[in-house]
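Engineer: just to be clear, the model below is a prediction. Sequence and coordinates:
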Amino acid sequence: MGEKRPPAIGEATLARLTAADNDRVLTEGSGLSGKVHVGASGRISVHFRYRYRFEGQSREMSLGAWARDPVATIRERLDETRLRVERGGDPAGQKRATVPKMQLEQEQITR
């Protein structure tokens with residue numbers, strides 16, 4: 001028999017979430033996960049991350065938040081990130097190295 005995998009996360013699944021799902025983690029077995037957050041106004045959002053391994057260490061990369069970003073956009077980011085990892089890159093590490101550089105450049109501009 002085939003291996004049992006969680007169902008894919010889609011717009012319909014996300015639209016059915018309620019305040020009772022706060023802090024629930026949605027997974028689909030591909031490294032993609034989303035944590036449900038319910039704001040003070042009752043608005044529901046799901047923050048998506050991709051977990052991967054780089055040089056023997058577990059890494060995570062933020063992919064965006066539904067409902068601000070549609071699932072299709074989050075999946076495009078997932079595909080891009082997977083490809084970068086497959087080619088030997090570390091997207092989370094690259095982002096971490098880029099942010100301080102951008103901040104320094106911004107400080108130099110405002111001087």
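Structural biologist: Everything's here; your move. Keep in mind the model is a prediction, meaning the values are calculated, not measured. Numbers count the residues shown, from 1 in each chain.

Engineer: please make it C-alpha for all contacts and neighbour counts, starting now.
Structural biologist: Fine.

Engineer: can you tell me the SS state at the most centrally placed residue in the chain?
Structural biologist: Against the mean C-alpha coordinate of the chain, by CA atoms, centre = their mean, the closest residue is Arg49 at 2.5 Å. Three-state call for Arg49 (DSSP: H, G, I helix; E, B strand; the rest coil): strand.

Engineer: tell me the contacts of the closest residue to it other than its chain neighbours?
Structural biologist: Distances taken as CA to CA, 6 or more residues apart in numbering put Ser62 closest to Arg49, at 4.5 Å, once the chain neighbours are dropped. By CA atoms under 8 Å, 6 or more residues apart in numbering, Ser62 lies in contact with His47, Phe48, Arg49, Tyr50.

Engineer: please apply the same query to Ala65.
Structural biologist: For Ala65, the contacting residues are Ser45, Val46, His47, Phe48, Ile74, by CA under 8 Å, 6+ apart.

Engineer: between those residues, which is nearest Arg87?
Structural biologist: Of all the contacts of Ala65, Arg87 sits closest to Ile74, with 20.1 Å by CA to CA.

Engineer: show me the beta-bridge partners of Lys35.
Structural biologist: Val25, His47 (DSSP bridges).

Engineer: run through the residues that contact it.
Structural biologist: Lys35 touches Asp23, Arg24, Val25, Leu26, Val46, His47, Phe48, counting by CA under 8 Å, 6+ apart.

Engineer: filter those down to the buried ones.
Structural biologist: Buried members of the contacts of Lys35, scored by 16 or more other CA atoms under 10 Å, are Leu26, Val46, His47, Phe48.

Engineer: quick check: the farthest pair among the residues you listed?
Structural biologist: Leu26 and His47 (9.9 Å).

Engineer: what is in contact with those two at once?
Structural biologist: Gly34, Lys35, Val36.

Engineer: could you dump the contacts of Lys35 to a markdown table with pLDDT?
Structural biologist: Below are the contacts of Lys35 laid out as a markdown table (pLDDT from 0 to 100):
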| residue | pLDDT |
| --- | --- |
| Asp23 | 95 |
| Arg24 | 95 |
| Val25 | 95 |
| Leu26 | 94 |
| Val46 | 97 |
| His47 | 97 |
| Phe48 | 96 |
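
Engineer: alright, that wraps it up for me.
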